[in-house]
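**Student:** Fold the following for me, if possible:
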Amino acid sequence: METLFTDYFTDLYTSVYETVLNPRKRVFFGYILLAFIIAGIWLKWRKNMRAPMIAKSLFSPRIWWSNSAKADYQLLLINKAILLAIVPLLITKMALATVIFQQLYELMGSRPLPGSLMPDWAVPICFTLFLFVLDDFARYFLHMLMHRWPFLWAFHKVHHSARTMTPFTVLRTHPIEGLLFTLRSILVQAVSIGVFLFYFGDQVDLVTVLGVNIAVFIFNVTGSNLRHSHIAIHYWGWLERILISPAQHQIHHSTRVRHFDKNFGAVLAIWDWMGGSLHLSEPKTELRFGISDKVEVDEHTLKTLYLGPFRESWSALPFTRKR
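**Tutor:** Below is the predicted model:
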């Protein structure tokens, strides 16, 4: 038992420091550093700010050490501890991929190998793009459901309750949401791996940079962490119909009613465009973040963030409503 606890806390320590030291993680310090550089260039170019004002905008204690930000850091640590205990109990992506592979074999009766007709470099590129697009669509779809279904919104509200945003706000989630997105990731990877292994065999490979899907790597090094920030970098209108800009995601967090349930996408804006939830950035609009403009005294306490969603989610279920 003592060894079990020792191993658990060792894994927890590793999981926490890998959050900022592993390039596979969204808040890897290298990506955050690049986000600061991009933001600094933007503020100089678009706002004509001097260096002291740029530094104040990027590193203001009112943002990084606000009650909202402190809650982000607490949730990050506690959620790591919770999910570290739960995730090993879930089916692995390779186990599920094997099931999908076997089901395809039983359904098809044989294994067509179209990869033999393709150059060696084509299959890894197709697999990499397929995984990226499917993963991005799955993120959009689950995110949309968490807004549209009241019993899921109760948990997703934890993320939207942030009043100030830093790159670590992306990890401000309720453990139930974290579990759902973990299951989503397992399913997406299992489907991608199972299908491609069935059709392309040992030709399947992932095009990576630092162990990261190259498409995700490009997303991370081009300022993904600015989506959860106060630096409203916007794109040209035509590009915001293809890619979600930082300013568009900030609109998603806005307290203005006209911004509610807009821009669910993570990288690609085409899902929102097809679903009717796309909203282009508004460069001249000052945004306030949170669920509403009304500030609750206890909105950033752990009791509110962890226990409140269970009560609200239960009351949102049809069979619990009074007739």
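**Student:** Could you report the distance from residue 125 to residue 216?
**Tutor:** 15 Å (Cβ to Cβ, to the nearest Å). In short, each C-beta sits where N, CA and C put it, glycine included.
**Student:** cool, and residue 304?
**Tutor:** 33 Å.
**Student:** Ok, residue 172 next?
**Tutor:** For residue 172 relative to residue 216 (Cβ to Cβ), the value is 21 Å.
**Student:** Tell me which of these two has more neighbours.
**Tutor:** Set residue 172 next to residue 216 and count neighbours by other Cβ atoms under 10 Å: residue 172 wins out with 26 against 21.
**Student:** so that one makes contact with residue 75?
**Tutor:** Yes: counting by Cβ atoms under 8 Å, residue 75 is a contact partner of residue 172 at 5.3 Å.
**Student:** Stretch 188-207: how far from the chain's middle?
**Tutor:** 23 Å (Cα atoms, centre = their mean, to the nearest Å).
**Student:** Name the residues that touch that stretch?
**Tutor:** 93-94, 96-101, 104-105, 108, 111-115, 118, 120, 123-128, 130-131, 134-135, 138, 213-214 (Cβ atoms under 8 Å, 6 or more residues apart in numbering).
**Student:** which parts of it are buried?
**Tutor:** Going by neighbour count (16 or more other Cβ atoms under 10 Å), the buried part of stretch 188-207 is 188-200, 203-204, 206-207.
**Student:** For that stretch, give the mean pLDDT please.
**Tutor:** What stretch 188-207 shows for mean pLDDT is 92.
**Student:** repeat for stretch 14-24
**Tutor:** What stretch 14-24 shows for mean pLDDT is 93.
**Student:** And the host helix or strand of residue 58, what's buried?
**Tutor:** Per DSSP states H and E, residue 58 falls inside helix 51-59. For helix 51-59, the neighbour count (16+ other Cβ under 10 Å) marks 54, 57-58 as buried.
**Student:** Let's have these in a markdown table, adding distance to residue 309.
**Tutor:** Below are the buried residues of helix 51-59 laid out as a markdown table (distance: Cβ to Cβ, whole Å):
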| residue | distance to residue 309 |
| --- | --- |
| 54 | 37 |
| 57 | 33 |
| 58 | 32 |
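**Student:** Save the residues you listed as a markdown table, and put in distance to residue 32 and pLDDT too.
**Tutor:** Formatted as a markdown table, those follow (distance: Cβ to Cβ, whole Å; pLDDT from 0 to 100):
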| residue | distance to residue 32 | pLDDT |
| --- | --- | --- |
| 54 | 16 | 96 |
| 57 | 15 | 94 |
| 58 | 11 | 95 |
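**Student:** quick one, strands of this protein?
**Tutor:** Taking DSSP state E as the criterion, the chain carries its strands at 208-209, 212-213.
**Student:** quick revisit: need the residues touching each of residue 172 and residue 75.
**Tutor:** Jointly contacting residue 172 and residue 75 under the rule Cβ under 8 Å, 6+ apart are residue 158.
**Student:** Now residue 267: phi and psi?
**Tutor:** phi -120, psi -60 (degrees, to the nearest 10).
**Student:** ok, residue 155 touching residue 314?
**Tutor:** No: applying Cβ under 8 Å, one finds residue 155 not in contact with residue 314, separated by 11.4 Å.
**Student:** what about those two, which has more around it?
**Tutor:** Higher neighbour count among residue 155 and residue 314: residue 155, with 22 against 11, using other Cβ under 10 Å.
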